[in-house]
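Engineer: Structure for the following, please:
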Amino acid sequence: MSDTAQNGFNIQASLFFAPENIHKVFAALKPVYEKTTAENDCLSFQVYQSLDDPGQILLVEDWKTSLDDYMAERLKTDYMREFFAIIEPLFVKTREVKVFSRLPQFHNMKM
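Structural biologist: The predicted model follows:
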């Protein structure tokens, strides 16, 4: 069994837009954020904006499900397809996605 199936994972997506389009991105992101954080397997979801480049957004999600389930189910939801249909034409650079296995011996979340 993989570490992600046992311990969950963290996924980080850097998205790149023209700064003048950020308001469109945030408007499209709001319902995705609300639906994602309501999902049982979502432990956290943070959104960051680069201080150096206001057109760069970082999405950081922590999940207690397997990466395979995430890829098979979440990315195919209507709300995620709608989100990508809105934001993909606004990309000025290809998105960068990184996935990390959670190491339970070093995992502590404070809210």
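
Engineer: chain center to the lengthiest strand in the chain, what's the gap?
Structural biologist: For the chain, the strand that runs over the most residues, judged by DSSP state E, is strand 91-101. How far strand 91-101 lies from its chain's middle: 9 Å, per C-alpha atoms, centre = their mean, to the nearest Å.

Engineer: what's the answer for stretch 50-68, then?
Structural biologist: Stretch 50-68 has its C-alpha centroid displaced from the chain centroid by 4 Å (C-alpha atoms, centre = their mean).

Engineer: what's next to it, contact-wise?
Structural biologist: 2, 4-5, 8-19, 21-22, 25, 29, 36, 41-49, 70, 92, 99, 102, 109 (C-beta atoms under 8 Å, 6 or more residues apart in numbering). Yep, even glycine has a C-beta here, placed from its N, CA and C like the rest.

Engineer: So which residues of this structure form helices?
Structural biologist: Ranges of helices in the chain, per DSSP state H, are 3-7, 22-38, 67-73, 78-87.

Engineer: Can I get the ones you listed in a markdown table including distance to residue 58?
Structural biologist: Formatted as a markdown table, the helices of the chain follow (distance: least, C-beta to C-beta, whole Å):
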| stretch | distance to residue 58 |
| --- | --- |
| helix 3-7 | 20 |
| helix 22-38 | 12 |
| helix 67-73 | 18 |
| helix 78-87 | 14 |
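
Engineer: where does this protein dip in pLDDT?
Structural biologist: Within the chain, the stretches with pLDDT under 70 are 1-6, 107-111.

Engineer: Kindly give a single ChimeraX line that selects the buried subset of the contacts of stretch 50-68.
Structural biologist: A single ChimeraX command suffices to select whichever of the contacts of stretch 50-68 are buried according to 16 or more other C-beta atoms under 10 Å:
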select :4,8,9,10,11,14,15,16,17,22,25,29,36,42,43,45,47,70,102
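
Engineer: who does the residue lying closest to residue 49 once chain neighbours are set aside bridge with?
Structural biologist: In this structure, residue 49 finds its nearest non-sequential neighbour in residue 57, 5.8 Å apart by C-beta to C-beta, 6 or more residues apart in numbering. Applying DSSP bridges to residue 57 gives these bridge partners: residue 15, residue 49.
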